[in-house]
Each structure stands twice: as structure tokens, then as C-alpha cells.
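*Asks:* Here's my sequence, what's the structure:
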Amino acid sequence: MVKADFSKLEAIFAKRGKGPEALIAILQDAQKAYGYLSEETVKKISDETNIPEARIYGVITFYNWFRLAPIGKNLVRVCHGTACHVGGAESVSQEVSNILGVDDGKTTPDGKFTLERVACLGCCSLAPCIMINEDVYGRLDSPKKIREVLEGY
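*Replies:* Coordinates of the predicted model:
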């Protein structure tokens, strides 16, 4: 069995401390360092902070920005805020799903894309819109526009 490399986690503890008040910051930093929060990472955090794993999982599952599984190289977020909903977010979601061949919350078999439905991206003037990694694409009112955006990745 290969031993997990927790050197990044040790640096996080050195920076953040190990008290319960630092838990969210520790989890954020760990996810940034490793890409997601694995079972091994959660156990190590629990062991080092003396916070029960159940409590840590409670925090992880309460906040939707934490991940318990790796995501694709490109995270595609489809906005479903009010403006996007009115502008056709359901159609955008369906088209993205059809193009990528995956449902919401899933990753393509090649690991290139993860599809995620989100409540709001804060880009209402661009509705309907999607975000791929850190890039926002708006006024996606046709399947052709959606396909062109995705083909760029």
C-alpha cells in the first residue's frame, strides 16, 4: 500500500493551526492543494485536529464548494439563477449535457469536463450563462453558441 503524501497538509496546519476555528480554512486549503478532499485527507485532518470525521463530513457536505471526488480538467458551471432561468437555463443545461454526454454532477470518462448546475454566477446581464473554470460565457441563446464555447476546451 502506498502511503499518502501529506506534506502539503502539514504546511496547511503550520499556516492555519489545528483548532476547530480553522477547520473551514484547512478544508479550503486542502482542497486547493489536492483538488478534492479524499477519505485519507479527511482522516488525517481529523487525526491532527481532534475533530471527529463525522463533524468534518458535516461541514464538507453543508457547503457546496467542497468536493469528495476529483473533478475534470474543466469545470463547467451552468447558471440557474433567476435571470438565467428566465433566459433558458434548462435548455442550456440540457444542451451542455448532450454535448458532453454526462449529467449534472458527473465527469466525462476522459476526465476533461465536470458538469455542475449552480444557483447563481452573478452575471445576470449575460443571461443565460455558463462558467468554465474561471471564464464566463454569456448570452448562450442557441445550441450553436454553446457548442462553440465547449469546443474551445
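*Asks:* check contacts around the residue sitting nearest the centre point of the chain.
*Replies:* Centroid-nearest residue in the chain, with C-alpha atoms, centre = their mean: residue 65, separated by 5.5 Å. By C-beta atoms under 8 Å, 6 or more residues apart in numbering, the residues touching residue 65 are residue 28. C-beta coordinates here come from the backbone N, C-alpha and C atoms, glycine included.
*Asks:* Now do residue 10 against residue 101, distance only.
*Replies:* 40 Å (C-beta to C-beta, to the nearest Å).
*Asks:* what do you get for residue 108?
*Replies:* Separation of residue 108 from residue 101 (C-beta to C-beta): 7 Å.
*Asks:* For those two, indicate the residue with more neighbours.
*Replies:* A direct count of neighbours by other C-beta atoms under 10 Å for residue 108 and residue 101 places residue 108 higher, at 16 against 11.
*Asks:* Check the more buried one and give its pLDDT.
*Replies:* Per-residue pLDDT puts residue 108 at 96.
*Asks:* what do you get for residue 49?
*Replies:* On the pLDDT scale, residue 49 gets 97.
*Asks:* what number of residues lie near it?
*Replies:* Neighbourhood size, residue 49 [other C-beta under 10 Å]: 19.
*Asks:* residues contacting it?
*Replies:* Residue 49 neighbours (C-beta under 8 Å, 6+ apart): 18, 19, 20, 22, 23, 26.
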